[in-house]
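Participant: Output the structure for:
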Amino acid sequence: MYISKEISTIFDSEIHKTGADPALFRAVKYGIIEIVVEIIKANPIFLTHQYFKKDMIQTAICLRQEKVFNLIYGAGKWKYLMISGLDKHNNNILHLAAKLAPPNRLAQISGAALQTQKELQWYKEVESIVDPSYKLDLNHDGEKPSELFTNSHKQLMEEAEKWTKGIAHSSTVVGALIITIMFTAAFTVPGGNTQDSGYPIFLHKKAFKVFITADAVSLFAASTSVLTFLGVLTSRYAEEDFLESLPRKLIIGLSTLFFSIAGMMIAFCATLIIMLDGDLKLIIPTVLLASVPVAVFIFLQFPLLVDIFISTYGPGMFDRKTKYLFEKDPSFA
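Facilitator: Below is the predicted model:
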């Protein structure tokens, strides 16, 4: 607030002679949206000044500061002034969105596939607010924004493909093992079968019914998971696939894999209850020990599933209903 009041006394001709622009752009660089908003409110001329209206948004896009970029949606009549203009290399803001994000911003995202997804989300968001002609503009290197995106993200795309295939391959192996185990368990039921009718000996026990149900759920979930991950392994790995197609397949594959593991553990516990005739002194320690490796697997992989789900179907980085510039001064509209 004190900074913004001080800056509000600066004449337009003196902007570059003071510390106003370093203060503003340091705030943009580190995503300190409160300072940016207060400076703009204190001196709205920043939105019309050629230096600030252009470079502030360009900096936000290059540094992937979504909170600062969201100010566009609250800028009212200044919106199109803020997204216009070119940098010294003849790049429009869509070119800037097509460049690779700084390493420190990418490092905040787990996995090359999710990093690629975030980059695509940035590019698509900027593309949605600019004039369609921007997509055809050429920079000094003769590149369209889409061409620049492909060239600058080539290595990241390769890493994303390798990362995704690694997840799919390892999960397929786990799923295949579960299918084998649960399929075999369905025909070698606890206690065996009666010789006369062939029906399971413990058919009418509640624990046996739990075993059969859990076995079936685990088998079908594991089969779904394996088929889904096979779809991941055979995908074309185009840029657009990382936006929603591949993340959706990973969500389905990991979710069904977790269900299959849970079903396997329930079936195992039900089998122990049947075979040990409810002796809790033996059942409880055995179940706890058997649950350790499964719990470790879920603990390591479940956060990845949550990250993928939030990144794909969560509220997103961009707030098109932002009201920052309207809270105190309706004249911005």
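
Participant: any low-confidence regions in the stretch 1-150 of the chain?
Facilitator: Along the stretch 1-150 of the chain, the parts satisfying pLDDT under 70 run over 1-23, 40, 42-54, 75-78.

Participant: Which residue ranges of the stretch 151-300 of the chain form helices?
Facilitator: In the stretch 151-300 of the chain, the helices defined using DSSP state H, counting those that start in this stretch lie at 154-187, 206-233, 245-275, 280-313.

Participant: er, the stretch 1-150 of the chain I mean
Facilitator: Using DSSP H, counting those that start in this stretch, the helices of the stretch 1-150 of the chain run over 2-7, 20-29, 33-42, 50-62, 66-69, 79-82, 93-98, 103-106, 112-129, 145-152.

Participant: coming back round to it: between the helices of the stretch 151-300 of the chain, which gets nearest to Ile93?
Facilitator: Closest to Ile93 of the helices of the stretch 151-300 of the chain, according to Cβ to Cβ: helix 154-187, at 20.5 Å. No exception for glycine: its C-beta is placed from N, CA and C like everyone else's.

Participant: Now the closest one: buried residues?
Facilitator: Of all the residues in helix 154-187, those buried under the rule 16 or more other Cβ atoms under 10 Å are 156-157, 159-161, 163-165, 167-168, 171-172, 174-175, 178-179, 181-182, 185.

Participant: coming back round to it: looking at the helices of the stretch 1-150 of the chain, which is closest to Lys249?
Facilitator: Short answer: helix 112-129, nearest of the helices of the stretch 1-150 of the chain by Cβ to Cβ, at 10.9 Å.

Participant: quick one, that closest one and helix 154-187 angle?
Facilitator: 120 degrees (axes from the mean of the first three to the mean of the last three Cα atoms, to 10 degrees).

Participant: Please save the CA atoms from helix 112-129 in PDB.
Facilitator: Presented in PDB, the C-alpha positions along helix 112-129 are these (Å, rounded to 0.1, in the frame of the first residue of the first chain):
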ATOM      1  CA  ALA A 112       7.200 -34.500 -17.300                       C
ATOM      2  CA  ALA A 113       3.700 -35.400 -18.500                       C
ATOM      3  CA  LEU A 114       2.000 -33.000 -16.100                       C
ATOM      4  CA  GLN A 115       4.600 -30.300 -17.000                       C
ATOM      5  CA  THR A 116       3.600 -30.700 -20.600                       C
ATOM      6  CA  GLN A 117       0.000 -30.600 -19.800                       C
ATOM      7  CA  LYS A 118       0.500 -27.300 -17.900                       C
ATOM      8  CA  GLU A 119       2.400 -25.800 -20.800                       C
ATOM      9  CA  LEU A 120      -0.500 -26.800 -23.100                       C
ATOM     10  CA  GLN A 121      -3.000 -25.300 -20.800                       C
ATOM     11  CA  TRP A 122      -1.100 -22.000 -20.800                       C
ATOM     12  CA  TYR A 123      -0.900 -22.000 -24.500                       C
ATOM     13  CA  LYS A 124      -4.600 -22.800 -25.000                       C
ATOM     14  CA  GLU A 125      -5.700 -20.200 -22.500                       C
ATOM     15  CA  VAL A 126      -3.700 -17.400 -24.200                       C
ATOM     16  CA  GLU A 127      -4.900 -18.600 -27.500                       C
ATOM     17  CA  SER A 128      -8.500 -18.300 -26.400                       C
ATOM     18  CA  ILE A 129      -8.200 -14.500 -25.600                       C
END
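
Participant: May I see the helices of the stretch 1-150 of the chain organised as a markdown table, with mean neighbour count and distance to Gln301 added?
Facilitator: A markdown table is the format used below for those (neighbours: other Cβ atoms under 10 Å; distance: least, Cβ to Cβ, whole Å):
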| stretch | mean neighbour count | distance to Gln301 |
| --- | --- | --- |
| helix 2-7 | 15 | 46 |
| helix 20-29 | 18 | 35 |
| helix 33-42 | 20 | 34 |
| helix 50-62 | 20 | 33 |
| helix 66-69 | 23 | 27 |
| helix 79-82 | 16 | 42 |
| helix 93-98 | 26 | 32 |
| helix 103-106 | 12 | 22 |
| helix 112-129 | 21 | 14 |
| helix 145-152 | 18 | 30 |
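
Participant: so can I have JSON lines of those showing distance to Phe268?
Facilitator: Putting these into JSON lines (distance: least, Cβ to Cβ, whole Å) gives the following:
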{"stretch": "helix 2-7", "distance to Phe268": "63"}
{"stretch": "helix 20-29", "distance to Phe268": "54"}
{"stretch": "helix 33-42", "distance to Phe268": "51"}
{"stretch": "helix 50-62", "distance to Phe268": "52"}
{"stretch": "helix 66-69", "distance to Phe268": "46"}
{"stretch": "helix 79-82", "distance to Phe268": "59"}
{"stretch": "helix 93-98", "distance to Phe268": "51"}
{"stretch": "helix 103-106", "distance to Phe268": "41"}
{"stretch": "helix 112-129", "distance to Phe268": "33"}
{"stretch": "helix 145-152", "distance to Phe268": "49"}
